[in-house]
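K.L.:
Sequence and predicted structure are below.
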Amino acid sequence: MGSMRFCQASALWLEEHKGRIAAKTCIDYRYYIATLVRFFGELQLDQIHVGHIAAYTAERSATAGSSCINHEINTLKQILELAGLWSEIKKFYHPLRLPRTVGQALEPADEERLFAVASTSPRWKIAYWCSILSATTTAGPAEISHLHLDDIELGERLGSPFGTLRIRDGLKNGHRERILPLNASSQWAVGQILKRYFKLCKKLRIEPDPGHYILPGRERHRPFDPVRPIGSWKKAWGALRQAADLPSLRMYDLRHHAITKLMEDPQISEQTVEEMAGHALSSRMKKRYSHIRLAPKADAVAKLELPLPKKPPEPERAESDRKFIQSIKSS
């Protein structure tokens, strides 16, 4: 295999590999390989060395982020491992350092503007509905895209007057499996998604099935397939967040936003937040989920007010104090 050109070896590797991975992962690998082929395509596997990887990384850095480049090199690594050629390169290769990302919560005005703008275009309807679900249930984008028909219960159930979502697929880890209650907003969003699903079933002339994904996916130029989950709604999300003047807001930030709002409410216990989020909140995570807004802290500080003299200071003294403070700042 070492004497094969990369373009041939990568196709062979993917064909052998795709039976053991999810359809979405297979699509990702195809993208990574297509990008790698433009650089490594005609090289034999046994000719590839760490210098090539360094040159590839430098070239790709102009158009791609560190995470994307690391995924691409990881794909190259797996192909070279199959040929027994990675061990020497491994000694010298180091993945790119990823920038530390901190989720952001929305201020009330930004939240209102986001959903007002999202509702204005039919092209953004899936992004709109899924954003509502994430912001009102703490479900992440992958969890929403992997919802099955039998994960949905509308109407009163288990003490929830609007129904529930069962989160069991597309999980970041096994601890995330949970049942989430719906409120009026999320019930409406789920209802819109279900209406679309039933219309697609009618159009495709297939019977609804409990195991179907309610957000069906499809490959390019092919009809929707309810046994495949939707890939994502990134394109629509990118357009609507620009229109809402929130260009840095990620889809996953709406989960962070929901958890932050819950954490800020003293009437909601930490245990309840942890059960909804699907993980235990460490002290570090609690700080992370409460670092955005100052309003609760400002309210707390207001309760620490001290009675001060009502007589204002003399003008000369006030001017002297102001100059003194200014001199300290300048120094």
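P.N.:
Thanks, I have it.
K.L.:
Show the end-to-end separation of stretch 169-179, please.
P.N.:
12 Å (C-alpha to C-alpha, to the nearest Å).
K.L.:
brain fart, stretch 98-118
P.N.:
30 Å.
K.L.:
quick one: buried residues of it?
P.N.:
Judged by neighbour count using 16 or more other C-beta atoms under 10 Å, the buried positions of stretch 98-118 are 103-106, 110-111, 113-115, 117-118. C-beta coordinates here come from the backbone N, C-alpha and C atoms, glycine included.
K.L.:
ok, now stretch 18-36?
P.N.:
For stretch 18-36, using 16+ other C-beta under 10 Å, the buried residues are 24, 29, 32-33, 35-36.
K.L.:
could you dump that stretch to CSV, C-alpha only?
P.N.:
Only the C-alpha atoms of stretch 18-36 are listed here, as CSV (Å, rounded to 0.1, in the frame of the first residue of the first chain):
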residue,chain,number,x,y,z
LYS,A,18,-17.4,3.5,5.6
GLY,A,19,-19.2,0.4,6.7
ARG,A,20,-18.1,1.0,10.3
ILE,A,21,-18.9,4.7,10.6
ALA,A,22,-22.0,6.9,10.6
ALA,A,23,-23.3,8.4,7.4
LYS,A,24,-22.5,11.9,8.6
THR,A,25,-19.0,11.0,9.5
CYS,A,26,-18.5,9.5,6.1
ILE,A,27,-19.5,12.7,4.5
ASP,A,28,-17.0,14.6,6.7
TYR,A,29,-14.2,12.2,5.6
ARG,A,30,-15.1,12.7,2.0
TYR,A,31,-14.7,16.4,2.4
TYR,A,32,-11.3,16.0,4.3
ILE,A,33,-10.0,13.6,1.6
ALA,A,34,-11.0,15.9,-1.2
THR,A,35,-9.1,18.7,0.4
LEU,A,36,-6.0,16.5,1.1
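K.L.:
now the helices for the stretch 201-331 of the chain?
P.N.:
Applying DSSP state H, counting those that start in this stretch to the stretch 201-331 of the chain gives helices spanning 234-243, 253-264, 270-277, 283-289, 295-302, 315-330.
K.L.:
And the stretch 1-150 of the chain, by the same measure?
P.N.:
Going by DSSP H, counting those that start in this stretch, the stretch 1-150 of the chain shows helices at 6-17, 23-40, 50-60, 66-82, 87-90, 108-118, 125-137, 141-145.
K.L.:
Report the angle between the fourth one and helix 23-40.
P.N.:
In terms of direction (axes from the mean of the first three to the mean of the last three C-alpha atoms, to 10 degrees), helix 66-82 departs from helix 23-40 by 80 degrees.
K.L.:
How about the third one?
P.N.:
Using the same axes, to 10 degrees, the interaxial angle of helix 50-60 with respect to helix 23-40 works out to 110 degrees.
K.L.:
and for stretch 16-30, what are the contacting residues?
P.N.:
14, 71, 75, 78, 217, 228-229, 231 (C-beta atoms under 8 Å, 6 or more residues apart in numbering).
K.L.:
end to end, how far does it reach?
P.N.:
The first and final residues of stretch 16-30 sit 13 Å from each other (C-alpha to C-alpha).
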